Each structure stands twice: as C-alpha cells, then as structure tokens.
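S.K.: For reference, the sequence and a predicted model appear below.
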Amino acid sequence: MQKVQHLDYYNVHFPILPISDNQKDYAEEVVKKLKEHGLRVELDSRQEKIGYKIREAQLQKIQYMPILGDKEVEAKKVGVRNRKDGDIGQMDLDEFIAKIEKEVREFSLFFRFLYYLK
C-alpha cells in the first residue's frame, strides 16, 4: 500500500482511544503504523472514561475515533467510531488505513474538480 503524502494537508487527524491502560502497548503499535502512513494521530492515554473521550472528540469534530478495548487487542483490530454514523465496528488496521486514504483521494479529486469548474 502506498503512503499518501498529503494527508496532513487535508487535516486528517484523530486520537487513538484505548479504554484502559491494558491496551496501551497495542495502542502504541497502532499509532506507529498510522504515522508510517502519514496520518496525524495521538494516543489519548488519559485516565478518563471512554464515553468522555468520545464526547470530547465529537465536540472537536473529529471524523474517526479508533477505539481499543480488550476485544480489539485480542483480534489485532481497531474499533471505529465515526462522528456522523457512530459505531462502525471492528476493522483490520490495514483496512482502516485504506478507508482513510481512499476518502482523502476522493476528497482531493472532488476539490480539484470544483477548482477547474471556475
């Protein structure tokens, strides 16, 4: 899979939300892999309830919230919440990265199209 070089330009940014410290090691692996693909991510390792972390991300209008619990660690997946649709469910990390990269490419093409209509 090719790294999309301009993800930061489109403000693709989201926190990785582990439910507890039990998921911290896997969360760090997830952060590393997402950063390798040019995504701006941060690990939210605060000792807050997951509902509070999700609410904060929604108020900040963060599009995707990867959530890591014991099930995700065991399956080596990420639970994904979308600001608009809510819980999307578990995804392989590579599948999640491909989804983000596809959306960025489509977003980029859409705005290039609008630019050329002027």
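M.R.: Received, thanks.
S.K.: Please identify the buried residues of stretch 101-109?
M.R.: Buried positions in stretch 101-109, judged by neighbour count with 16 or more other C-beta atoms under 10 Å: Glu101, Val104. C-betas here are computed from N, CA, C, even on glycine.
S.K.: Run the chain-centre distance for it.
M.R.: 15 Å (C-alpha atoms, centre = their mean, to the nearest Å).
S.K.: Please write out the alpha-carbon positions of that stretch in CSV.
M.R.: The C-alpha trace of stretch 101-109 is given here as CSV (Å, rounded to 0.1, in the frame of the first residue of the first chain):
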residue,chain,number,x,y,z
GLU,A,101,-6.6,7.0,2.3
LYS,A,102,-9.5,6.4,-0.1
GLU,A,103,-11.6,9.2,1.4
VAL,A,104,-8.7,11.6,1.2
ARG,A,105,-8.1,10.7,-2.5
GLU,A,106,-11.9,11.2,-3.2
PHE,A,107,-11.9,14.5,-1.3
SER,A,108,-8.9,15.7,-3.2
LEU,A,109,-10.4,14.8,-6.6
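S.K.: could you give the mean pLDDT of that stretch?
M.R.: Over the span of stretch 101-109, the pLDDT mean works out to 76.
S.K.: Am I right that Lys71 falls within a helix?
M.R.: Yes. Counting by DSSP: H, G, I helix; E, B strand; the rest coil, Lys71 is located in a helix.
S.K.: what about it, how many residues close to it?
M.R.: 11 (other C-beta atoms under 10 Å).
S.K.: from what I can see it touches Gly89, true?
M.R.: No. Lys71 lies out of contact with Gly89 (C-beta atoms under 8 Å); the separation is 11.0 Å.
S.K.: Quickly find the element holding the nearest residue to Lys53 once chain neighbours are set aside.
M.R.: Once flanking residues are discounted, Lys53 sits nearest to Leu17: 4.9 Å by C-beta to C-beta, 6 or more residues apart in numbering. Element membership of Leu17 [criterion: DSSP states H and E] is strand 13-18.
S.K.: again with Ile88
M.R.: Per DSSP H and E: strand 86-92 holds Ile88.
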